[in-house]
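Chemist: return atomic coordinates for the entry below.
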Amino acid sequence: MVSRPSAPVSPRITAPDLPDALEDVTGLRARTDVLAVSVNALAGDVDAVHARIAEARVSAASVGHLDLTGTHLVDVAIDEMRAVEVVARDGAWRNVEISGGRIATIDGLRGRWDSVVLRGVHVDYLSLPSAELSDVLFVDCRFGTIDLPEARLTRLAFEGCRADEVDTRGLRARDLDLRGLEALSFTDPRALSGTWLDARQTELHATAFAQALGIRVTA
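Modeler: Take a look at the predicted model:
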């Protein structure tokens, strides 16, 4: 008989590998290859679609619309970003850390994230439908909605996070640790099969879980 694991496998995180010296640049552009740069005080609407940004730090950005559609981020640190919308559809992120700041919307449709950390970020709407996320960690983050329909998650965990709603329709996950996420509701509790919750969370959502199993709950 195969024994069940007693705990989920933790995300395997690699911090962004940044060189000691970074070249200061004033902005980002579409379809460019950017290496070893420091971008300070990025502002306005920024078009960086289908670019490749590597070994870079982005600090104190205050943007309206940041378009990273199809963009590859490798070894990138983003500090204290304020943004109305970050569009990262069909993009690939590896060894990326976002620390602090507030972002109204992150649109990561069909995104591929590998070793990504969000730390101390307030995100009103995190949209990751059909995304593939491996080794992702959220620490001390506040979310309005986390949208994960049809997403594929491997070794993803939360620590000290809160969310109003998590859309789990069609979710497939392995080693998904939700014990550090205080969520008010899950759209489809049936999709949580195989994930990890603590006793308090299961008590909080017991009625929803029972209804998902066809159990009638009465007062």
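Chemist: centre of the chain to whichever strand or helix holds L133, how far?
Modeler: Assigned by DSSP states H and E, L133 falls within strand 132-139. Centroid displacement of strand 132-139 relative to its chain, using Cα atoms, centre = their mean, to the nearest Å, is 6 Å.
Chemist: which helices and strands sit right next to that strand?
Modeler: strand 112-119, strand 152-159 (3 or more Cβ pairs under 8 Å, 6 or more residues apart in numbering; DSSP states H and E). (C-beta placed from N, C-alpha, C; glycine too.)
Chemist: tell me where the model's unsure across this protein.
Modeler: 1-4, 206, 213 (pLDDT under 70).
Chemist: count of neighbours near the closest residue to G101 other than its chain neighbours?
Modeler: Closest residue to G101 apart from its sequence neighbours, by Cβ to Cβ, 6 or more residues apart in numbering: M81 at 4.2 Å. Look at M81: counted by other Cβ atoms under 10 Å, it has 21 neighbours.
Chemist: how near is M81 to V9?
Modeler: With the distance defined as Cβ to Cβ, to the nearest Å, M81 ends up 30 Å from V9.
Chemist: okay, helices next: where are they in the chain?
Modeler: 199-204, 206-212 (DSSP state H).
Chemist: which of the ones you listed sits most buried?
Modeler: Counting by mean count of other Cβ atoms under 10 Å, helix 206-212 has the highest mean neighbour count of these, with a mean of 14.
Chemist: re the thing from before, adjacent strands (with direction) for the strand holding L133?
Modeler: Sheet partners assigned to strand 132-139 using DSSP bridges are listed as strand 112-119 (parallel), strand 152-159 (parallel).
Chemist: I'd like the helices and strands packed on strand 132-139 laid out as JSON lines, including mean neighbour count and distance to P16.
Modeler: Formatted as JSON lines, the helices and strands packed on strand 132-139 follow (neighbours: other Cβ atoms under 10 Å; distance: least, Cβ to Cβ, whole Å):
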{"stretch": "strand 112-119", "mean neighbour count": "21", "distance to P16": "9"}
{"stretch": "strand 152-159", "mean neighbour count": "20", "distance to P16": "18"}
